[in-house]
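Q: got a predicted structure here, sequence first:
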Amino acid sequence: MRFLHCVHAECALVLPRLTRTRLGLSLLSLACALIWLSRRGFDATTVALQAGALGAVTGAAGMAASRRDRAALRIALAHPTTPLAIALGRWLAITLPAVLLVGACTIATGWHTGFAFAGAAAAAAVGGCTLAAVLLAGRTAAAALFLFMAVAGAVAPERLVDFAHPGLVRLAAASALELGPALWHYRDVASGDAGAVLHALAWSGLGVLVAGFAIHGRRAGFRP
């Protein structure tokens, strides 16, 4: 029970962040931009996936990316809690607003339950990945992941390696799209593909575990 109380305490940070910082305005602006793009040719699945992924990256930037946020983890660790509870609570605080953003965008583009689940899967997977990344590298990692998801995240890796001379950069990008929480993986969630769901769950769990280890390193006195 204490573990769950610690998770809830971390997750509860999301409400003041949404109302008292720029996080709420950033998510609202993102929703408006995606709905506008849906009127300009973006299909509903892409809008839902981008809402989940970009909402999660924005949430991670607002919840854990700044130096002040990461320094505050040491204060949290002085209380009776665990690094894993902090990581899980922060992941929930990142993922829940992104899922709400997916719901809002899906309603605006014509509700489809499968698209909503696909966007939620993207939010969970990208949220875990981004939380770990920002704890290790700060806002730089959040900016890089935002651009990656916005520009190339929905591209299947086969489209990158289908060049005559793909080159090292394209091969590296294709590998990242194949192995990482890229959005093309989660399109199949809408049709009930179990592999896509497991991929999202795996990245969610891996992100929380890596974030927990990063937070544990701060308890031990090391900066990740």
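A: Cool, the structure landed.
Q: so how far is residue 203 from the one residue sitting closest to the centre of the chain?
A: Nearest residue to the geometric centre of the chain (Cα atoms, centre = their mean): residue 127, 2.3 Å. Distance, residue 127 to residue 203, using Cβ to Cβ, to the nearest Å: 9 Å. Just so you know, the C-beta spots here come from the backbone N, C-alpha and C atoms, and that holds for glycine as well.
Q: what does residue 139 give?
A: Residue 139 is 21 Å from residue 203, by Cβ to Cβ.
Q: ok so, going back, show me which residues of the helix or strand harbouring the residue nearest to the centre of the chain are buried.
A: Using DSSP states H and E, residue 127 falls within helix 113-137. Under the neighbour-count criterion of 16 or more other Cβ atoms under 10 Å, helix 113-137 has 114-136 buried.
Q: for stretch 47-59, same thing?
A: Buried residues in stretch 47-59, counting neighbours by 16+ other Cβ under 10 Å, are found at 47-59.
Q: show me those residues that map onto helices.
A: Among the buried residues of stretch 47-59, the members found in helices (DSSP state H) are 47-59.
Q: what segments of the chain are helices?
A: Applying DSSP H to the chain gives helices spanning 2-11, 14-20, 23-38, 44-64, 67-77, 83-109, 113-137, 139-151, 157-161, 167-179, 194-219.
Q: compare those helices and say which comes out lowest on pLDDT.
A: Ranked by mean pLDDT, these end with helix 157-161 at the bottom, a mean of 58.
Q: residues contacting residue 76?
A: 10, 86 (Cβ atoms under 8 Å, 6 or more residues apart in numbering).
Q: state the distance from it to residue 86.
A: Residue 76 is 6 Å from residue 86, by Cβ to Cβ.
Q: who touches both of these two?
A: Joint contacts of residue 76 and residue 86 (Cβ under 8 Å, 6+ apart) are residue 10.
Q: re the thing from before, what's the closest of the buried residues of stretch 47-59 to residue 8?
A: residue 59 (17.4 Å; Cβ to Cβ).
Q: check contacts around the closest one.
A: Contact analysis of residue 59 by Cβ under 8 Å, 6+ apart lists 14, 23, 27, 93, 94, 95, 97, 98, 127.
Q: go on, residue 6?
A: Shown in contact with residue 6 (Cβ under 8 Å, 6+ apart): 80, 81, 82, 85, 86, 89.
Q: out of the residues you listed, which comes closest to residue 42?
A: residue 89 (32.8 Å).
Q: now the closest one. Nearest residue, chain neighbours left out?
A: Excluding the flanking residues, the one nearest residue 89 by Cβ to Cβ, 6 or more residues apart in numbering is residue 10, at 2.4 Å.
Q: hang on, the one you found packs against residue 84?
A: No. Using Cβ atoms under 8 Å as the test, residue 10 is too far from residue 84 to be in contact (10.8 Å).
Q: who's more crowded, these two?
A: residue 10 (21 against 18; other Cβ atoms under 10 Å).
Q: quick one: that one from residue 204, how far?
A: From residue 10 to residue 204 the distance is 16 Å (Cβ to Cβ).
Q: and if you look at residue 121?
A: Distance, residue 121 to residue 204, by Cβ to Cβ: 9 Å.
Q: next one: residue 1
A: Using Cβ to Cβ, residue 1 is found at 23 Å from residue 204.
Q: these two - which one has more neighbours?
A: residue 204 (22 against 5).
Q: my guess is the residue nearest to the centre of the chain meets residue 97, correct?
A: No. Applying Cβ under 8 Å, one finds residue 127 not in contact with residue 97, separated by 9.7 Å.
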